[in-house]
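Peer 1: quick one, what's the 3D model for this:
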Amino acid sequence: MNRMNKTLAILGWGSVAIFGTVAVGAIAVRRGEPINALWLVVAATCCYALGYRFYSKFIAARILALDGLRATPAERLENGRDFLVTNKWVVFGHHFAAIAGPGPLVGPVLAAQFGYLPGTMWVLAGAVFAGCVQDLVILLFSVRRDGKSLTEMAKDEIGRVGGFVAYVAVISILIILLGVAALIVVNALKASPWGLFTIAMTMPIALLMGVYLRRIRPGKVLEVSALGFVLVLAAIWGGQYVSQNAALARVFTLSAPALAILIMVYGFAASALPVWLLLAPRDYLSTFVKLGTIALLGVGIVVLHPTLHMPALTRFVDGTGPVFAGKVFPFAFITIACGAISGFHSLISSGTTPKLIARETQTRMVGYGAMMAESAVAVMAIIAACVMQPGVYFAINSPAGIVGQAPAAAAATISSWGFPVTAADMQALAHAVGEQTLYNRTGGAPAFAVGMAHIFSHSLGGETLMALWYHFAIMFEALFILTILDAGTRVARFMVQDALAHMYRPLGRTSWYPSILATSALIVGAWGYFLWQGVKDPLGGINSLWPLFGISNQLLATVALCVATTIIIKMHRAKYAAVTLVPLVWLVAVTFTASWHKLFDPNPRVGFLSQAQALAVGPATSATSKLIFNNRLDAAVTAILVVMVTLVLVESGRQWLGILSGAKEVRVKESPFVRTRFVEEQG
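Peer 2: So this is what the prediction gives:
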């Protein structure tokens, strides 16, 4: 029987490997004719199955030596608040909801300007060999150190310099990420009364849910879930009525600057108000909608199996792309961060999640598995972007500064690139989705919503519901992103309060309202500056801010992999260090090359300094001077981040050489082994 089972397993996994190889081969070599989206689905499914079954198991057994008998901090330090033994599926859901921000939706859509091939290959290879690995090893190392944060582990394992740099990098990535996330929401909701009304209504819905669950019917989670779901559907239908009522449509049709101010006010409120009143119910509502929508999108893709109209490679791999400038290497690999590898994930893997894990053996499913699920979301985003006609994709995502403000001029410019589209086509599409216009809706979110509405309308409900599906998708994305906005602002506020406590102790009290208001305003002002910079940018903001976000995010992943590699070497498993060292070397090559281009590239659309110089020789206006300052600031931020991460690399290298040569004493700063009292639970 054992021999038969082994034979069946070999045949089964051999078949998966063959199917995966054929699917990846079809994606990689097909040229000149459209391919079916199911090739991407099959390739992704097979790659994830093989990666989880074999590669993650190898890492868990040979390198990490997961021990089901070792008590986790959730068990040893359980306090019912931060440390809490939690069901593994609940932990998985929490971890996925926390790491899945705008990145896996927006990055792949933006990178689709290069074609479907670069993004798909990076998402699959990056997740299996880099992103999932980072999340797993950082999670396990944090579990074995009482749930310590990445910055604390960097200080303990690499040294004080590493810890300080990691702290500054974390604050930087949070501020830039929040600014870019807010800009995506602004670009999705500007001049969209239907979308703005629906999102605006989620605020009072969340407040009602918070009060209902805390004051009216405490503990009735099912009731409040049903109430929230019904009210969200009502908000979507109400948005359609608002968009068709001239008086109400004017009220909810706002410019980008007005929306930016409102989002900053929301970010401040979400950080300063009690967590149970706004943030927690909104995040719960977001997660509820998020998981359901992703499942529906997956079903829609399988049922419809649409054709990808975007070619495998476009003419813009040479760096002349309208969505953002820069060649396919390195910019495809920083544009797509969260679907392949994201430094932001290391903050979650060393934040709340390690304090909830009941068994060490569950870190494989939670760390490697949740990142794999996020990568699958990125594959869906690639499909949603590429099922559109390329001309439509570029009309939506290209800024007015590149293609022109007038519909006819924009259509003519895009058609001259070899991607035919007409103003009438775009007007018909805008009418079909219930919008006034879809031109120049940069940021990736509107394009994803159009692709998602196309898939849903052809598989679930027909063309008559396309407008409803589009605005549902906009609401879904905005909820997705606002979750990161409110939670990220609060996390950054905690970090600033911790730092200010060294100057004046009351400022470190997270419950002291003067400190809450001051630090919330400080954080919102910081990311609000980047948001305002993007709103006022004639190139759409995303052109400069998304690469800046990608660079800082991947530099943070570099810090995380430095910490992971150092610990692996200290564990006397240097022969396996390539598991984290190879992704580290790749990220250094990508991020440092991208940083050089953003700093010194002579093309004004690529280099921050060259764009500032080009603006300086033109007419001098107040707007021009602000753009010049913004570009120089972006250059300074990029340079500072690169210098800091270089210091971490040097400090890590010194540690590695010292340990391998025997010159340094090897001390792994793990918590002492304590036998679990749940011996019978091994999974």
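Peer 1: alpha carbons only for contacts and neighbour counts from here, please
Peer 2: Noted.
Peer 1: burial count for residue 273?
Peer 2: Per other Cα atoms under 10 Å, the neighbour tally for residue 273 reads 14.
Peer 1: ramachandran coordinates for it?
Peer 2: phi -70, psi 160 (degrees, to the nearest 10).
Peer 1: so what does the helix or strand that contains residue 658 touch, helix or strand wise?
Peer 2: Element membership for residue 658 (DSSP states H and E) is helix 622-661. Counting contacts by 3 or more Cα pairs under 8 Å, 6 or more residues apart in numbering; DSSP states H and E, helix 622-661 packs against helix 160-189, helix 542-570, helix 578-600, helix 608-616.
Peer 1: buried residues, the first one. List them.
Peer 2: By that I understand helix 160-189. For helix 160-189, the neighbour count (16 or more other Cα atoms under 10 Å) marks 162-167, 169-189 as buried.
Peer 1: check the shortest one too.
Peer 2: Of the residues in helix 608-616, those scored as buried under the neighbour-count criterion (16+ other Cα under 10 Å) are 608, 609, 610, 611, 612, 613, 615.
Peer 1: now that helix: average pLDDT?
Peer 2: Across helix 608-616, pLDDT averages out at 88.
Peer 1: got the contact list for it?
Peer 2: In this structure, residues lying in contact with helix 608-616 by Cα atoms under 8 Å, 6 or more residues apart in numbering are 544, 598-605, 624-625, 627-629, 631-632, 634-635.
Peer 1: show me the shaky parts of the stretch 101-250 of the chain.
Peer 2: Residue ranges of the stretch 101-250 of the chain with pLDDT under 70: 219, 221.
Peer 1: mind listing the strands for it?
Peer 2: For the stretch 101-250 of the chain, applying DSSP state E, counting those that start in this stretch gives no strands.
Peer 1: going by residue numbers, what spans are helices in it?
Peer 2: Ranges of helices in the stretch 101-250 of the chain, per DSSP state H, counting those that start in this stretch, are 103-111, 116-126, 132-143, 150-157, 160-189, 193-211, 221-244, 246-251.
Peer 1: among these, which comes closest to residue 295?
Peer 2: The minimum distance between residue 295 and the helices of the stretch 101-250 of the chain falls on helix 103-111, with 14.4 Å, by Cα to Cα.
Peer 1: quick check: the residue nearest the centre of the chain vs residue 570, distance?
Peer 2: Nearest to the mean C-alpha position of the chain, counting by Cα atoms, centre = their mean, stands residue 103 at 2.6 Å. The gap separating residue 103 from residue 570 is 33 Å, by Cα to Cα, to the nearest Å.
Peer 1: kindly report the same for residue 599.
Peer 2: Where residue 570 is concerned, residue 599 sits at a distance of 36 Å (Cα to Cα).
Peer 1: same check on residue 163?
Peer 2: The gap separating residue 163 from residue 570 is 17 Å, by Cα to Cα.
Peer 1: thinking again about what came up before, next, format the helices and strands packed on helix 622-661 as a markdown table and append distance to residue 39.
Peer 2: Output for the helices and strands packed on helix 622-661, formatted as a markdown table (distance: least, Cα to Cα, whole Å):
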| stretch | distance to residue 39 |
| --- | --- |
| helix 160-189 | 30 |
| helix 542-570 | 28 |
| helix 578-600 | 26 |
| helix 608-616 | 39 |
